[in-house]
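Visitor: Give me the fold of what follows.
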Amino acid sequence: MTVSKKTALNRIAKELGGKMVEFAGWEMPIQFSGIVDEHNTVRTAAGLFDVSHMGEIEFKGKDAFTAVQRLVCNDVAGMSIGQAMYSGLLYPNGTFVDDLLVHKISDEHFMLCVNAGNCDKDFAWMKDNTSGDVEVVNTSLETSQLALQGKKAKTILQKLTPIDLSTIKYYWFAFGEVAGVENLLIAATGYTGERGFEVYVPNEHAERLFREIMKAGEEFGIKPIGLGARDTLRFEAGMMLYGNDIDDTTTPLEANLNWIVKMNAGDFIGRDALQQQMNEGLKRRLVGFEMVGAGIPRHGYNIVAGDKKIGYVTSGTKAPFLAKAIGLGYVPIDMTEFGAQIHIDIRGRAVEAKVIPTPFYRRPRLKKKKKI
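Guide: Okay, the predicted model is just below:
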């Protein structure tokens, strides 16, 4: 029997009534008050997630930049110190080892945040494909990660830190004190489609920090959030999930992630295969769709034309905030135009859907006050 690893916040999750499940080798809370309630709490107020199961891999040394630039398909050369970037870690055939976030701490120090279930695989791949004066260190088991997300997130966290959080732009980060714990990496990133922060903290301070954030957020209706709502939130926001929407059979071009592929970013692993795919043209691509007929699409359902399978659903549900049945799926390239009619096989019924733009949900922008 496999024993799941436990994060430093496992005790708090159980104390707060979390329903615990095994996920990627970890015992994690899938929900607390309920997925729909937690989802809508993040959309309208703020929620606090334990995402300490995620992996952190650091590159340190004179050749750290060269190593990371070769490993990922986005352009590390364009990053400034204090900037974070979404990218792909690819095999030579252009498919995903994983997707990840790159944080540039200095010219010779980068931290890559990877998916929990891929951490050991990613670390081995990175080590095997790195050379020169660089140390590659897996600090995952020493590090906890708290994600505070939602429209009230900045107001809540600002109560606990002297850093002016309004100066940390989206996909940037800073080091500073939070709730008396010094030198924490505070990143304006997240996996929900809302503005918020991901705070990286040594395990020994994680429980205290979690409690302080929950206390600071009481007046704003903060709630603990489980992995169930994390998935529905990222899905509404059109963010990829490794193992569903992307994996070692899909390329960034097929996944509609062209924007993270920078062909002028040197000879990164997978570049030649992606160039060939560009030259030959895509045969399929990931699209968003909305159900027209009655039914809810689920991961693994077939997309059909008559009695022929032409694609498959990667993610799908009745979106809690948008309150409609939507999905993501791979379809032939000639069926990717907005408005194109497709059919989802739902328990033997071919139910009509139509291709629509993604992300399904966009955070409302605050209106600027008019100058008088």
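Visitor: Helix or strand: which one has residue 105?
Guide: Using DSSP states H and E, the element containing residue 105 is strand 96-106.
Visitor: Summarise which helices and strands the next helix or strand after that strand is packed against.
Guide: Using DSSP H and E, the helix or strand that follows strand 96-106 towards the C-terminus is strand 109-114. Under the contact criterion of 3 or more C-beta pairs under 8 Å, 6 or more residues apart in numbering; DSSP states H and E, strand 109-114 touches strand 55-60, helix 64-71, strand 96-106. For every residue, glycine as well, the C-beta is placed using N, CA and C.
Visitor: burial measure for residue 128, as a count.
Guide: As a burial measure, residue 128 scores 9 neighbours (other C-beta atoms under 10 Å).
Visitor: circling back to that earlier point, is it possible to get the helices and strands packed on strand 109-114 out as JSON lines so that each row also shows mean neighbour count, distance to residue 320 and mean pLDDT?
Guide: Shown next, in JSON lines, are those (neighbours: other C-beta atoms under 10 Å; distance: least, C-beta to C-beta, whole Å; pLDDT from 0 to 100):
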{"stretch": "strand 55-60", "mean neighbour count": "21", "distance to residue 320": "28", "mean pLDDT": "98"}
{"stretch": "helix 64-71", "mean neighbour count": "22", "distance to residue 320": "36", "mean pLDDT": "98"}
{"stretch": "strand 96-106", "mean neighbour count": "22", "distance to residue 320": "24", "mean pLDDT": "98"}
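Visitor: Reformat the ones you listed as a markdown table; add distance to residue 295.
Guide: Converted to a markdown table, these look like this (distance: least, C-beta to C-beta, whole Å):
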| stretch | distance to residue 295 |
| --- | --- |
| strand 55-60 | 36 |
| helix 64-71 | 41 |
| strand 96-106 | 29 |
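Visitor: Checking my notes, residue 11 in a strand, right?
Guide: No. Using DSSP: H, G, I helix; E, B strand; the rest coil, the assignment for residue 11 is helix, not a strand.
Visitor: Setting aside sequence neighbours, what's the nearest residue to it?
Guide: Once flanking residues are discounted, residue 11 sits nearest to residue 207: 7.2 Å by C-beta to C-beta, 6 or more residues apart in numbering.
Visitor: Report the secondary structure state of the one you found.
Guide: Residue 207 ends up helix, using three-state DSSP.
Visitor: What of residue 303?
Guide: Recorded secondary structure, residue 303: strand (three-state DSSP).
Visitor: What of residue 265?
Guide: What three-state DSSP gives for residue 265 is coil.
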